[in-house]
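Undergrad: Coordinates for the following, if possible.
(2 chains)
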There are 2 protein chains.
Amino acid sequence: MPPPISLGLDFGTESVRAILVDANGTQLAIATSEYVHGQITERLPGRTELLPPRYALQSPGDWIDSATKATRDAIASAGISPSGILGIGVDFTSCTMLPTTRTGKPLCELDAFKNIPLAWPKLWKHHGALDQTERLNRIARQRNESFLRRYGGTIGLEWFFPKMLETIEEAPEVAKAAEVWLEAGDWFVWQLVGGPAETLTRSTCQAGYKAMWSATEGYPSSDFCDAVHPELARAVAECLPGMMRSPGERAGLLSSSMAERLGLLEGTPVSTAIIDAHSAVPGVGAAEPGTLVMVLGTSSCHMLNSKVLAEVPGVAGIVDGGILPGMFGYETGQAAVGDAFAWLRRLLGLETFDAIASAARRLPPGANGVLCLDWMNGCRTPLMDGGLRGAFTGLGLEHGPEHLYRALMEASAFGLRWIVELLRDGGVAIDRLVATGGLPHHNRDIVEVYADVLGLDIEIHPSTQGPAVGAAVLGMMVAGPKISGFQSVIEAAKAMASAPEGKQDIVRARPDRTLLYNPLYQNYRRLAAHTANPQSTT
Amino acid sequence: MPPPISLGLDFGTESVRAILVDANGTQLAIATSEYVHGQITERLPGRTELLPPRYALQSPGDWIDSATKATRDAIASAGISPSGILGIGVDFTSCTMLPTTRTGKPLCELDAFKNIPLAWPKLWKHHGALDQTERLNRIARQRNESFLRRYGGTIGLEWFFPKMLETIEEAPEVAKAAEVWLEAGDWFVWQLVGGPAETLTRSTCQAGYKAMWSATEGYPSSDFCDAVHPELARAVAECLPGMMRSPGERAGLLSSSMAERLGLLEGTPVSTAIIDAHSAVPGVGAAEPGTLVMVLGTSSCHMLNSKVLAEVPGVAGIVDGGILPGMFGYETGQAAVGDAFAWLRRLLGLETFDAIASAARRLPPGANGVLCLDWMNGCRTPLMDGGLRGAFTGLGLEHGPEHLYRALMEASAFGLRWIVELLRDGGVAIDRLVATGGLPHHNRDIVEVYADVLGLDIEIHPSTQGPAVGAAVLGMMVAGPKISGFQSVIEAAKAMASAPEGKQDIVRARPDRTLLYNPLYQNYRRLAAHTANPQSTT
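TA: Numbering: from 1, shown residues only, chains lettered A, B, ... in the order given. Below is the predicted model:
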């Protein structure tokens, strides 16, 4: 009998990927389908009016259409029968969220609301809620709300409550009509399995990291919400129906209508959704506690599972079962990584870094005195302040583009070291580092600088499909141990997603360099302190 | 009778310019001659061994040869008789200095020493005396030497004593043979007028700004010199013969041999030398007290004459008669201006700033949050620390090259504002600002930013030959009032070097912008404070 197969559906910002992976880790097929409307940032489909600045919306129809196409393409490409697919996992960008009716119909698909931008799903990067975020934070701090401690003291601009409050204030008719507010990942899973709103499955991952929910305290209190806006209190009380489950726990079984549409079997088990970045944790075979999984892309997300709950100041999200069942998930991040490199490359008038990469490599640690602060898109962990900005210091006439490039690599590494020290000092063990995402594959130099600055070896996972494979691992989990043969997600991840023997790429830390970096890291911390609070110097 | 004519000889880093100007300010001719050996930074003439790093030497023969050629070319081009030339002025780079015999023969022209690099004249930018400068400063501070107060507390790397001490320590055989140590400008004037070493004329300008000399205290004390090195004490006691005079005071009369060589009349009066930058003060017709003359080039030198002696902390040189007779000369500077712009342009991969100049011009004050510190070659006034380095802060993904360009212009203006405030707060009046040098003529934008940041109008002098014209003004002074018709250097400068009527270019400060710049200037000062002392932030 062939090994069981799982389908992973990975919803990104521009497209969805469908991947078929069997219990041995063989990737049978992968297919991608772009969203017809992509990111909606200028005009609603069919309209001429320009959207306000900072808007980024999506179309729910695109998610269904693209998932259908990608799934059917993957099955055709693998040449398998749908009956071999025994579980489905879903990862999604987050917080991408939308208002629907009690039956799950997106408001933007109703004639009454289709021309109102805030009735449409807000993509994770929609930044319309600047005022609302500021007010939520101010009131939460005034009231010393306990949830703040789990998020390093700050509610993020891209999270669920700011986006909900923005609609309440800017499009009250939409807010009034919204019967259900939910994450797009949860919405898609609900579409797959059907059923009434009361029993829809919400992911502890999305709720815990983006909606200030915790297993012990639930959502922010009605008193807090009322102090912000009475309508927010009502919406939280009435419009967040459903049941909380961890990713890898079963959300339900595929409905007949969706089975027909996707070309799958009715009754196939479906996993609770997971945030795309978090899906990389099982997706690189690193589901065990103590492994920091670093998804290095335009921004970076560093995730860690632990058996220990520690309130680490500055760590934005600590969620029980937030990444995988039975463990505390710690999420940290750096707001600009690949983005910052692309920005610097353009600033220096370069097509690529190739021309200066070897010169940058030959420079000693410290780039001959140039120090960079990598906050070109704000500081995520630990300061959680998107308004902060970056710097280059120590600049002299003797410096060229290669010094700035190297300094930016080092700054990114110093930012990561700060995070690692923060977690360890907070009592959370880190035994192993695994890098994934696009960046390590086209820039090994940066991973070398990371390893040297940290003084720790870093494994580069060979796959660039971590989140999609992670979704497939979760899909396999919900098939159940009898079918999958796996007793735990740790076991499934190891079997389905580890780097194949002989394909491990381990970047070794060089202790002589680490010694040189130690004082430079202190300079970085001083520059960060001054930048975060310039008034402290007189 | 035609108006009297003066010859100005302007010794730059690469060439000498000879200019003929009459008492009405008509420039009859200008001729330039490059030094055959230019800057000697790699090998001594005729040798294959490489010089050590940071060396920059010159050949005294080049000065004589180039001055001869330029003078003869200028006279021929003007079509005048040498008998019409009634005075000679000389300005020179400084501190460019050399060791000679009692008769003025440069040691590098003796067979015994011609292959020893430190026997050659050290150009102003020769930076071989790092260790010596550090030690001179340390001992001067330990002893709380009074001369330090006149120089903002710091002896400069490029000055006379560090260069002398470097030779004493690194080439003791040269130091032992040196019978006279002197500035190149003083040496050239000595060559023109001849006479014994005892009566050679030294310029209060060079001695005051570069050799820690003052009219009341003389050179640093023998005790101090002895504490540094016994040989230094001996050299100062025995090898600095001559008489101190201000620029514009007569050094002597042209000797017959030099008259023949240059094609001039024997007995033509010769002025005491002046530093090239300082020569711009009379050279732009701004010899009256209270006018800040800003020579904006690769670096910038800001000079001010005042009737008032005030010890302004951080102002590197305050010299009685140091620029012109009868006034206190205040010298301040910014270490990188044109140099910093050229560096940034190369860093950004641009051929010129043209493509981004208009975008930079349209940006609001503050360059959308980007702040620059213009210390790419250290900070001259007020911190006198060549080891400090510059910065860009507030950098975000939203910024492009135009933001950095504008931020650098603003930083340069903030640095100037710091100097102006320092002088005014110290009790030295500034009534008028005149900009000269190469930069204002090819980048008016920067002068506009200067005016707005300062809240003061700035006159751009139309001539780019300020130092050469200034030398001619000094030459006219030594012709005497009967011949020149001028009772004072202020009068001569106004007549010979003012911007012609209708050619004045006054850049007006815009008060609305000045208001916006005020808080940004405070940000600059905070960044400067942090950079000068990063440990102060924790």
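Undergrad: Distance-wise, check the closest residue to residue A:470 other than its chain neighbours relative to residue A:29.
TA: What sits nearest to residue A:470 in space, not counting adjacent residues and going by C-beta to C-beta, 6 or more residues apart in numbering or on different chains, is residue A:283, at 2.9 Å. The C-beta positions use only the backbone N, C-alpha and C, and glycine is treated the same way. Counting by C-beta to C-beta, to the nearest Å, the gap from residue A:283 to residue A:29 is 17 Å.
Undergrad: Strands of the stretch 201-350 of chain A, start to end?
TA: When assigned using DSSP state E, counting those that start in this stretch, the strands of the stretch 201-350 of chain A occupy the ranges A:201-203, A:243-245, A:250-253, A:269-271, A:274-275, A:291-296, A:300-306, A:317-320, A:328-334.
Undergrad: An error on my part: the question was meant for the stretch 401-538 of chain A.
TA: A:432-436, A:458-460, A:505-507.
Undergrad: Between these, which one is closest to chain B.
TA: strand A:432-436 (22.5 Å; C-beta to the nearest C-beta).
Undergrad: Counting neighbours, which bits of that closest one end up buried?
TA: Buried residues in strand A:432-436, counted by 16 or more other C-beta atoms under 10 Å in any protein chain shown: A:433, A:434, A:435, A:436.
Undergrad: thinking the third one is in contact with residue A:292, fair?
TA: No - because the distance of 9.3 Å does not satisfy C-beta atoms under 8 Å, residue A:435 is recorded as not touching residue A:292.
Undergrad: Show the pLDDT at the residue nearest to residue A:147 when sequence neighbours are not counted.
TA: Among residues not flanking residue A:147 along the chain, residue A:212 sits closest, at 4.6 Å (C-beta to C-beta, 6+ apart). Turning to residue A:212, the model gives it a pLDDT of 95.
Undergrad: residues in contact with residue A:212?
TA: A:147, A:150, A:151, A:155, A:159, A:160, A:161, A:219, A:220 (C-beta atoms under 8 Å, 6 or more residues apart in numbering or on different chains).
Undergrad: any chance of these in CSV, plus secondary structure?
TA: Listed next are these as CSV, based on DSSP: H, G, I helix; E, B strand; the rest coil:
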residue, secondary structure
A:147, helix
A:150, helix
A:151, coil
A:155, coil
A:159, coil
A:160, helix
A:161, helix
A:219, coil
A:220, coil
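Undergrad: Name the nearest of those residues relative to residue A:273.
TA: Set against residue A:273, the nearest of the contacts of residue A:212 by C-beta to C-beta is residue A:160 (13.8 Å).
Undergrad: To what extent is the closest one buried, counted in neighbours?
TA: 26 (other C-beta atoms under 10 Å in any protein chain shown).
Undergrad: ok, the residue nearest to it when sequence neighbours are not counted - contacts?
TA: Nearest non-adjacent residue to residue A:160, counting by C-beta to C-beta, 6+ apart: residue A:211, 3.8 Å away. Contacts for residue A:211 (C-beta under 8 Å, 6+ apart) come out as A:95, A:159, A:160, A:161, A:183, A:219.
Undergrad: one more time with 10 Å
TA: A:94-95, A:97, A:147, A:159-161, A:163-164, A:181-183, A:202, A:219-220, A:236, A:240 (C-beta atoms under 10 Å, 6 or more residues apart in numbering or on different chains).
Undergrad: Residue A:289 too?
TA: A:304-308, A:324, A:326-328, A:428-431, A:490.
Undergrad: Likewise for residue A:220?
TA: A:136, A:140, A:143, A:145-148, A:155, A:161, A:211-214, A:228, A:232-233, A:236.
Undergrad: Tell me who's in contact with residue A:138.
TA: If you count contacts by C-beta under 10 Å, 6+ apart, then residue A:138 has residue A:228 around it.
Undergrad: Roughly how far does it sit from chain B?
TA: Applying C-beta to the nearest C-beta, to the nearest Å, the value for residue A:138 to chain B is 23 Å.
Undergrad: quick check, that residue in a helix?
TA: Yes - Residue A:138 forms part of a helix when assessed by three-state DSSP.
Undergrad: what's the pLDDT at it?
TA: For residue A:138, pLDDT reads 96.
Undergrad: where does it sit relative to residue B:241, distance-wise?
TA: Taken as C-beta to C-beta, the span from residue A:138 to residue B:241 is 76 Å.
Undergrad: what do you get for residue A:487?
TA: Note on residue A:487: its distance to residue B:241, by C-beta to C-beta, is 97 Å.
Undergrad: which one of the contacts of residue A:212 is nearest residue A:85?
TA: Nearest to residue A:85 among the contacts of residue A:212, with distances taken as C-beta to C-beta, is residue A:160, at 31.5 Å.
Undergrad: pretty sure that closest one is in contact with residue A:184, am I right?
TA: No - Residue A:160 is beyond contact range of residue A:184, at 11.1 Å (criterion: C-beta atoms under 10 Å).
Undergrad: I appreciate the help and will end here.
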